[in-house]
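Trainee: Make a model of this:
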Amino acid sequence: MPTNYHIEIQPRDSLIARDGRPFGAGQGSRMHSLGWLLPSVSAGSIRSLLGKSAGGFDSVMVQVLKDLEIAGPFPVHEGQLCFPTPRDALLRSVGAGKPKYFPVVPTPLGNGEGTDLPNNLQPCLPSAAPLEESKPPPTPQWWPSKRFFAWLANSDETPREMDTGESGFLFATPRETRTHVLIDPKTGTSSDGDLFTTTALDLNVAPTSGYSVSAFSLALRVTAPSSSPLCNHLNALDALHPLGGERRVVHWRRDETGADRWICPARIIEAKERKPQRLRLILVTPAIFAEGWRPGWLQPMNGSLVGMPPSENDKPAPQLKLVGAVVGRWQPISGWSLEAGKRGIKPLRRLAPAGSTFFFEVLDGSNPADWASAHWLSSVCDDAQDRRDGFGLAAWGAWLPHNSSP
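Mentor: You can find the predicted model right below:
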C-alpha cells in the first residue's frame, strides 16, 4: 500500500520560477519568473534531494524516484492550504457593497442562437451578473481552503458575497528584482557590460489586500510505495536544498501535522452524498492533456465528448459527458533534461492553467460521488508520468444548471 508523506517547504530566499524565454550568453540578460512554481519544479527538487540522500542516481534509483507521486506545492497561510481561484467564479462589484462572485455554468442555447463550440458544448455564462458599476475589483490568485470548499459544496446559482480583503485571500505574489554582475573566476573581476537581472517570487510577504509582512510556507505531498527504499529518508526529512532557478535555498522537512489539509472535507462529502448527476472538476494545478485544452480520455461519441477519468484504486470510474468548460489561456512548459540518454532540451508542451473548470453529466456510475471523494486532489492527466509529477490535480464538486433547485 502507498504511504503519504506531507512536506513543509520554508523559503529562505526569494524563488525563481523560470518561464520559457531564453536566458544566457547571447540569449538575453533578464531572467523572468512565472507567477507560481510549476509542479515539475518541486517534483524535480524533492527527487534530487532524496536521490542524494540515498547515495546516487543509478538507473534503478532514477526509476524509484520517478515512481514517487508528487502533489503541490500549495501556499499555506494562517494554517490553511490555499487553492487557485476557480475560473467558474466571476467577480463583480455591485453598488457600494462587497464584491460578489457569480457562478458561471453551462447554459443551453435558445431558439435561433448558436456558437462555434465543438462537440455540442454549451457556453458557460453567469446567471445574472450585472454590468460593472465601477472599476473591477482585483481578483485574488489564491483562495483559502474554507472559501474554496464552500464554493465547491454550494452547487446553487446564488451569487456569493465575499470580502476579498479579508484574511486568507492571497493576491499575486510580489516580485523581487535583482541586478547581478558576472565575475570572472580567474581574475575575480567583472568585464564591462556583464550585467544580468533576475526576477523572483518574494515569499517573505503574504500578498493579502494589505500586503501584511508575514512569510508563508509551501505544502507538498509525496506518495511512495510502502516498500520503497526512500521511505526512511522521507520519514527523517529535514534538510536545506535548492528549489527553482539559480539554486535558491529552502528548508525541507516532514510535516506530521499537515495530513488533514489534504483530506476531502466533510462538507464536500455531504454535498456529494446527495448523489448528484452532475460533477464539476476544478484543476488546482496546471494540467497536461493529450488534446491540449481537454483530457484525452474524453473522446467523441454521438456528437459529444465522453470518457472515464483515470482511476488509481479499485473504485470504478464513472462515465462522464463534458457539457461545458471554462479554460484559461494555455501556458508553455519546457526545460532541460539531465537524465541519461535524454539529456537536452525538453519539447515544448501546452498546459491547461490551474483554476480551469470542467462541467460533466454522469452517464453511468453507481455512486460517482464516492469515486470523486476517493480521488480528491488526484491527477486527471492522460500520461502516467505527468500524473506522478503532480500535473492536473483535481478537486471535485457538484453543479446545477440555471433555473434549477438543489
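Trainee: rest of the way, CA atoms for contacts and neighbours
Mentor: Fine.
Trainee: can you list the domains in this structure?
Mentor: The domain map for the chain lists 2-78+204-262, 266-398, with the assignment taken from automatic domain parsing.
Trainee: what's the spacing between the closest residue to residue 307 other than its chain neighbours and residue 360?
Mentor: Leaving out its chain neighbours, the residue that sits closest to residue 307 by Cα to Cα, 6 or more residues apart in numbering is residue 298, at 4.4 Å. For residue 298, the distance to residue 360 equals 11 Å [Cα to Cα, to the nearest Å].
Trainee: re the thing from before, dump the domains of the chain into a markdown table; add mean neighbour count and distance to residue 183 as well.
Mentor: Formatted as a markdown table, the entries for those read as follows, by neighbours: other Cα atoms under 10 Å; distance: least, Cα to Cα, whole Å:
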| stretch | mean neighbour count | distance to residue 183 |
| --- | --- | --- |
| domain 2-78+204-262 | 18 | 14 |
| domain 266-398 | 19 | 25 |
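Trainee: Of those, which is nearest residue 116?
Mentor: Of all the domains of the chain, it is domain 266-398 that lies closest to residue 116, at 12.9 Å by Cα to Cα.
Trainee: That closest one spans what distance, first to last residue?
Mentor: Taking Cα to Cα, the first and last residues of domain 266-398 lie 14 Å apart.
Trainee: do stretch 363-379 as well
Mentor: In stretch 363-379, first residue to last residue: 21 Å (Cα to Cα).
Trainee: Quick check: mean pLDDT of it?
Mentor: On average, the pLDDT along stretch 363-379 is 81.
Trainee: List the contacts of the closest residue to residue 246 other than its chain neighbours.
Mentor: Ranked by Cα to Cα, 6+ apart and with sequence neighbours excluded, the top spatial neighbour of residue 246 is residue 16, at 7.1 Å. Residues counted as contacts of residue 16 (Cα atoms under 8 Å, 6 or more residues apart in numbering) are 33, 34, 198, 199, 200, 201, 244, 245, 246, 248.
Trainee: With residue 21 instead?
Mentor: Residue 21 makes contact with 31, 32 under the criterion Cα under 8 Å, 6+ apart.
Trainee: follow-up on the earlier one: quick one: the residue nearest to residue 307 and residue 308 touch, right?
Mentor: Yes: judged on Cα atoms under 8 Å, residue 298 makes contact with residue 308 at a distance of 7.2 Å.
Trainee: low pLDDT regions in the stretch 101-250 of the chain?
Mentor: In the predicted model, the stretch 101-250 of the chain carries pLDDT under 70 at residues 128-136, 155-167, 191-193, 205-215.
Trainee: just the helices in it please.
Mentor: Assignment of helices within the stretch 101-250 of the chain using DSSP state H, counting those that start in this stretch yields the ranges 145-153, 231-235.
Trainee: same deal with the stretch 301-406 of the chain?
Mentor: Remark: helices of the stretch 301-406 of the chain, listed N- to C-terminal, are 368-374, 384-388; assignment by DSSP H, counting those that start in this stretch.
Trainee: quick one: which of these is nearest residue 319?
Mentor: Of all the helices of the stretch 301-406 of the chain, it is helix 368-374 that lies closest to residue 319, at 8.8 Å by Cα to Cα.
Trainee: Just the C-alpha atoms of that closest one, please, in CSV.
Mentor: As requested, the backbone C-alpha atoms of helix 368-374 are provided in CSV (Å, rounded to 0.1, in the frame of the first residue of the first chain):
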residue,chain,number,x,y,z
PRO,A,368,-19.9,8.8,-8.8
ALA,A,369,-19.7,10.9,-5.6
ASP,A,370,-17.9,8.1,-3.8
TRP,A,371,-15.4,7.9,-6.6
ALA,A,372,-14.9,11.7,-6.7
SER,A,373,-14.3,11.8,-2.9
ALA,A,374,-11.7,8.9,-3.1
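Trainee: Once you drop chain neighbours, what's closest to residue 338?
Mentor: Leaving out its chain neighbours, residue 338 is closest to residue 344 (Cα to Cα, 6+ apart), at 7.0 Å.
Trainee: Surely the one you found is in contact with residue 337?
Mentor: Yes: counting by Cα under 8 Å, a contact exists between residue 344 and residue 337, whose distance comes to 5.3 Å.
Trainee: who's in contact with residue 62?
Mentor: By Cα under 8 Å, 6+ apart, the contact set of residue 62 is residue 51.
Trainee: try the one 4 residues further on
Mentor: For residue 66, the set of contacting residues under the criterion of Cα under 8 Å, 6+ apart consists of 47, 385, 388.
Trainee: Residue 280: which of those residues is nearest?
Mentor: Nearest to residue 280 among those, counting by Cα to Cα, is residue 388 at 22.5 Å.
Trainee: Which residue, neighbours along the chain excluded, lies closest to that closest one?
Mentor: Residue 388's closest residue in space is residue 69 (Cα to Cα, 6+ apart), at 4.2 Å.
Trainee: which stretches of the stretch 1-150 of the chain form strands?
Mentor: Listed in chain order, the strands found in the stretch 1-150 of the chain under DSSP state E, counting those that start in this stretch are 2-11, 30-31, 69-77, 80-84, 89-92, 100-106, 124-126, 142-144.
Trainee: With distance to residue 397 as added columns, please give those strands in JSON lines.
Mentor: Converted to JSON lines, those look like this (distance: least, Cα to Cα, whole Å):
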{"stretch": "strand 2-11", "distance to residue 397": "23"}
{"stretch": "strand 30-31", "distance to residue 397": "39"}
{"stretch": "strand 69-77", "distance to residue 397": "19"}
{"stretch": "strand 80-84", "distance to residue 397": "14"}
{"stretch": "strand 89-92", "distance to residue 397": "14"}
{"stretch": "strand 100-106", "distance to residue 397": "13"}
{"stretch": "strand 124-126", "distance to residue 397": "17"}
{"stretch": "strand 142-144", "distance to residue 397": "16"}
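Trainee: Much appreciated, bye for now.
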